[in-house]
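quick one, fold the following:
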Amino acid sequence: MPGLEFYRPRVAAAAPIAVRAGTFVELLRALPGERFNVIAHSMGGLDARFAIARLGLADRVVSLVTIGAPHRGTPLAELPLARATSRLIGVRALADLAPDALSRFNEAVPDVDGVAYCSVVAATRLSQTNPLLWPSHLYLSARSGRNDGVVPQESQRWGNVLREIEADHWAQVGWSLRFDAVGLYEEILRELAALGF
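As a prediction, the model looks like this:
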């Protein structure tokens, strides 16, 4: 979109939220400009919330839009394989995504006044889900109802829900020919502009 600048910071995929959030703060503070609209997918939404509330990033963030973020966790993180992986190879990110961990997280990481919190909530039918996500989709459907193959739909709601979409967890970031992820992000930017952000 003309007149806008985009930045795509990257954080360590398997690190705990606090570590990822610290990296995010360093990256955002190094950018030119005063305040930003942050759009964060999945665990990135938790990283951003932590950075805003606990690491002093609220002065640089106008709005946070999360897409497919597990604000209340995902039962997938409670599976024995996930727990074993977390212990054996130090993938702390999985432990951070368990529903009980997110309950504690939500108490310790309150929303900050002056930052607009919004979310995009996703779910999809099994037939429209990437086949690699079918086992997790079926498991979550039995445990939590509608989901995107990784995160239950109800876990994704935070702040003002901008829209509900039919897309699996990977399609939300453009890893599918069935879903226009670029179009979604353009719509979000237009909506933020209309809201005065």
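
count the neighbours of the residue nearest to D59 when sequence neighbours are not counted for me.
Setting aside the residues directly before and after it, D59 is nearest to R35 in space (CB to CB, 6 or more residues apart in numbering), at 7.7 Å. Placement of C-beta: from N, CA and C, glycine included. For R35, the neighbour count with other CB atoms under 10 Å is 14.

let me see the contact set for R35.
D59, R60, V61, V62 (CB atoms under 8 Å, 6 or more residues apart in numbering).

got the phi and psi for it?
R35 has phi and psi values of phi -130, psi 150 when expressed as degrees, to the nearest 10.

need the per-residue pLDDT for it.
According to the prediction, R35 has pLDDT 92.

any idea how far it lies from L57?
Between R35 and L57 the computed distance is 10 Å (CB to CB, to the nearest Å).

D168 reaches T124, doesn't it?
Yes. With contacts counted by CB atoms under 8 Å, D168 reaches T124, the gap being 4.8 Å.

which one of the two has more residues nearby?
D168 (28 against 25).

secondary structure class of V65, three-state.
strand (DSSP: H, G, I helix; E, B strand; the rest coil).

touching, it and Y185? I think so.
No. The pair V65 / Y185 is not scored as a contact, 9.4 Å apart, by CB under 8 Å.

shared neighbours, these two?
I39.

who has more neighbours out of the two?
A count of neighbours by other CB under 10 Å puts V65 above the other of V65 and Y185, at 27 against 20.

and that one, what does it touch?
Applying CB under 8 Å, 6+ apart, we find V65 in contact with N37, V38, I39, A40, C118, S119, V120, L162, I188, L192.

name the nearest of those residues relative to L28.
Nearest to L28 among the contacts of V65 is V38, at 7.8 Å by CB to CB.

distance check, the residue nearest to D59 against V115.
According to CB to CB, R35 stands 10 Å off from V115.

and for these two, which residues touch both?
V61, V62.

low-confidence stretches in the protein?
For the chain, the stretches with pLDDT under 70 are 1-3, 82-91.

what ranges does it have for its strands?
Assigned by DSSP state E, the chain shows strands spanning 36-41, 61-67, 116-123, 160-166.

okay if I get those strands as a markdown table plus distance to E78?
Shown next, in a markdown table, are those (distance: least, CB to CB, whole Å):
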| stretch | distance to E78 |
| --- | --- |
| strand 36-41 | 22 |
| strand 61-67 | 21 |
| strand 116-123 | 20 |
| strand 160-166 | 25 |
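
surely R157 and S119 touch.
Yes. Assessed by CB under 8 Å, R157 is found in contact with S119 at 5.8 Å.

now list whatever residues contact both of those two.
Counting by CB under 8 Å, 6+ apart, the contacts common to R157 and S119 are H71.
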